[in-house]
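>>> mind folding the following:
(one chain, ligands or ions: 1)
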Amino acid sequence: MSSGRPLIRPVIEAIEPYRPGKPLEAVRREFGLTDVIKLASNECPLGPFPAALAAIDGCTTELNRYPDGAVQRLQAALAVRHGVDTDQICAGSGADGCIDMLSQAVLDPGDEIICGWPSFPSYAIYAAKQGALAIKVALNEEGRHDFDAMRAAIGPRTKLLYVCHPNNPTGTMDTAAELDALLDAVPADVLTVIDQAYFEYVDHPDYPDGVERYVKAGRRVLVLRTFSKIYGLAGLRVGYAIGPREVCASMVKLRRPFDISSPAQAAAVASLDDPGELSRRRALNSAGRVELEGILRASGLEPVAGAVGNFVMVPTLAPTDELFEALLRQGVIVRPLHGFGAPSAIRITVGTPQELTALAEALARVLGS
Ligand SMILES: Cc1ncc(COP(=O)(O)O)c(C=O)c1O
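Residues are numbered from 1 along each chain as shown. Sure thing, here's the model as predicted:
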């Protein structure tokens, strides 16, 4: 006899799942196209670093073995790179895996997190998994965080305050002085999470390195970084958190034993020793972003100003889904932003010069007609 008790937890039933960008293969198949470009998921169009590819090759004969569950080599290399102790680091299956572990470690049902909105949806989704509540604070008119409003939203159940930096999807940043003032005002029992997934792309004098400025100064801050973006390893799933020892220790306990595959660990370690490639990519991206913004303006679209990462957000004039579909038919995948809280906008990743030319031609065909 049934007790009528639901099998699935009600908080899980209520979750609106993350919808990833459309994969290349799906668009090729659906539209019968051969030439398709993906500017939808803020991936690096240049692929992995050469040393990372070699490291992945070097792993293939050991793929019958489980990966190092303690992620020792990578966490040690990251500790050296950042000048912190290894127990201030927790590697995860992407920065996303870190947000999930952190949410499990910190949030009880009824607890609250605060984040800007529109922003990266995982903060709210992983909070919801714990039965916690996301207070989404509207960005200001510049598409930047409204730190006064975020501070005002802090209540007795607030445990985490997320600063997505640069903010995905607007691409905007807050200055070091603004973040300093925010951190001075956040109560000691709230952990501020500075998500710097796009850190390596940013070339702006007022953009703070969260590890140098806050973690090393002993502030109650957890910084997130990833190998998915400038390092071009999104498909391998590896990222990390740096912050207070007690937080990292709790996250390490929650990491599933073999979450980070051997190729992911080896490729991440190998990626750390090529500062020349890193600055080459940063410079290419900065030039590409300027070109992308120019292409959009020439097409009558106005991207959100002040983007510092490898993507821009563009409010759409035509209904967003129509523009998205029309570009798909032209073989260009961009990102509609319903799930990010911006239903009337799309997000476009900086592509290679060839990809940007293809985008310009597609926009001319779609918006010119
Ligand atoms: C702001 C932000 N944080 C975290 C992530 C997750 O990155 P990953 O899990 O691939 O490291 C992304 C991915 O797009 C992002 O935009």
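>>> okay, now the unreliable bits of the stretch 251-369 of the chain?
369 (pLDDT under 70).
>>> spell out which parts of this protein neighbour the ligand.
42, 94-96, 120, 164, 168, 195, 197, 226, 228, 234, 239 (CB under 6 Å from any ligand atom). Where C-beta positions appear, they are placed from N, C-alpha and C, glycine not excepted.
>>> and of these, the nearest to Leu139?
Cys164 (10.1 Å; CB to CB).
>>> you'd agree that closest one is up against Cys115?
Yes - the pair Cys164 / Cys115 is scored as a contact, 7.0 Å apart, by CB atoms under 8 Å.
>>> what's the overlap in contacts for these two?
The contact sets of Cys164 and Cys115 overlap at Tyr123 (CB atoms under 8 Å, 6 or more residues apart in numbering).
>>> now do the SS call for Ile135.
strand (DSSP: H, G, I helix; E, B strand; the rest coil).
>>> tell me the contacts of it?
So Ile135 contacts 112-115, 153, 158 (CB under 8 Å, 6+ apart).
>>> identify the spatial nearest neighbour of Gln330, chain neighbours not counted.
Ala362 (3.8 Å; CB to CB, 6 or more residues apart in numbering).
>>> quickly find the element holding that neighbour.
Using DSSP states H and E, Ala362 sits within helix 353-368.
>>> what residues sit buried inside that helix?
Across helix 353-368, burial judged by 16 or more other CB atoms under 10 Å covers 355-356, 358-360, 362-363, 366-367.
>>> mind checking how far Val100 is from Pro17?
Rather than Val, residue 100 is Asp. 13 Å (CB to CB, to the nearest Å).
>>> distance check, the residue in the stretch 51-200 of the chain that the ligand sits nearest to against Asp195.
The ligand sits closest to Gly94 of the stretch 51-200 of the chain, with a gap of 2.3 Å, by CB to the nearest ligand atom. Separation of Gly94 from Asp195 (CB to CB) stands at 12 Å.
>>> kindly report the same for Pro275.
According to CB to CB, Pro275 stands 23 Å off from Asp195.
>>> please say which of these two ends up with more neighbours.
Per other CB atoms under 10 Å, whichever of Pro275 and Asp195 has more neighbours is Asp195, with 29 against 8.
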